[in-house]
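S.K.: Return atomic coordinates for the entry below.
(one chain, ligands or ions: 1)
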Amino acid sequence: MSLVSIENLSISYGAKTVLSKVTLTIEPGEIVTIVGPNGSGKTSLLRSIIGAVKPSRGRVTQRADLRIGYVPQRLHIDRTLPMTVARFLRLPTRVAPEVIDDALAQAGVPDLAAAQMSQLSGGQFQRVLLARALIGKPHLLLLDEATQGLDQPGSAAFYQQIEKVRRNTGCTVLMISHELHVVMSASDRVICLNGHVCCEGTPEVVASAPEYRALFGSGTMGALALYRHDHDHSHDHDHGHDHDHDHQHEHTEAAE
Ligand SMILES: Nc1ncnc2c1ncn2[C@@H]1O[C@H](COP(=O)(O)OP(=O)(O)OP(=O)(O)O)[C@@H](O)[C@H]1O
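M.R.: Now for the predicted structure:
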């Protein structure tokens with residue numbers, strides 16, 4: 001059974017319709033990425049899934065007992081406030097230290113429990129937000145542009161961690177991203193949104209669809225080259241370490 005089923009969904013804010021006639025399902029175990037220009041309704045779609053926005057038409061149905069973990073685009077915390085990662089993860093509900101350790105390990109940052117939140121790098125911070133979303137053992141992980149502000153290797157490493165999470169926990173992932181070329185290798189399916197579903201399919205199909213190209217222009221072929229490259233080899237890009245630089249450069253040029 002589908003985890004989420006969206007039928008003929010329209011969302012309006014006052015007189016302004018931001019999404020119309022969206023129909024899609026999210027199936028167990030898949031990684032789905034939503035791409036689309038600014039203001040195309042991506043966040044509204046995620047918010048309708050968590051029930052924070054009511055459809056003006058159509059409906060959103062969740063599988064009974066579906067647990068959702070949410071990784072926000074960004075989260076501002078007061079940098080002057082001393083707070084360890086473990087304490088942050090215990091807010092607002094107390095959880096056992098081993099649950100925190102497990103979530104941090106799943107997020108790829110097993111040693112950060114005692115670190116100060118104010119001293120984390122952007123990439124570490126996003127992984128702590130990922131750990132926070134994993135604490136409730138979600139069936140469905142929603143990520144709203146979770147790598148904003150990270151550089152490309154940082155984003156790529158983050159999405160590789162997402163794939164590991166899926167592999168280890170079996171959770172389903174629905175994420176929003178502007179960086180199709182970065183998420184391509186991690187996505188089973190891409191949905192291109194622009195007030196409605198423009199096109200949908202495997203990353204390769206979407207990247208070469210005329211509707212996608214009309215929205216995202218000429219970066220597409222480079223994105224495709226990078227995607228193929230990523231699929232040709234398996235390498236473990238932990239951020240900042242052991243990159244196969246020579247090899248990467250051949251392809252990144254094409255991606256720019
Ligand atoms: N609560 C709200 N009230 C009124 N208008 C809203 C509200 N939330 C979003 N909008 C408008 O709806 C449109 C779609 O916004 P949404 O955030 O869903 O798009 P998005 O694709 O996620 O955009 P971005 O890529 O910029 O984050 C935008 O024009 C936005 O201004």
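
S.K.: Now name the helix or strand holding Arg74.
M.R.: Using DSSP states H and E, Arg74 falls within no helix or strand.

S.K.: Now do the residue nearest to it when sequence neighbours are not counted against the ligand, distance only.
M.R.: Distances taken as C-beta to C-beta, 6 or more residues apart in numbering put Gln148 closest to Arg74, at 6.1 Å, once the chain neighbours are dropped. For glycine as for every other residue, the C-beta is placed from the backbone atoms N, C-alpha and C. According to C-beta to the nearest ligand atom, to the nearest Å, Gln148 and the ligand sit 9 Å apart.

S.K.: Helix, strand, or coil at Gln148?
M.R.: coil (DSSP: H, G, I helix; E, B strand; the rest coil).

S.K.: which residues touch Val99?
M.R.: Ile135 (C-beta atoms under 8 Å, 6 or more residues apart in numbering).

S.K.: what do you get for Gln106?
M.R.: For Gln106, the contacting residues are 130-131, 134, 165, 168-169, by C-beta under 8 Å, 6+ apart.

S.K.: hmm, 6 Å instead?
M.R.: Residues counted as contacts of Gln106 (C-beta atoms under 6 Å, 6 or more residues apart in numbering) are 134, 165.

S.K.: thinking again about what came up before, state the distance from the residue nearest to Arg74 to Ser177.
M.R.: From Gln148 over to Ser177 the distance is 9 Å, taken as C-beta to C-beta, to the nearest Å.

S.K.: what's the answer for Glu204, then?
M.R.: 16 Å.

S.K.: Please say which of these two ends up with more neighbours.
M.R.: Taking neighbours as other C-beta atoms under 10 Å, Glu204 and Ser177 compare with Ser177 leading, 25 against 15.

S.K.: Who are the contact partners of the more buried one?
M.R.: Applying C-beta under 6 Å, 6+ apart, the residues near Ser177 are 33, 183.

S.K.: What of Ser56?
M.R.: 10-12.

S.K.: quick one: which of those residues is nearest the ligand?
M.R.: The shortest gap between the ligand and any of the contacts of Ser56 belongs to Ile11, at 7.8 Å (C-beta to the nearest ligand atom).
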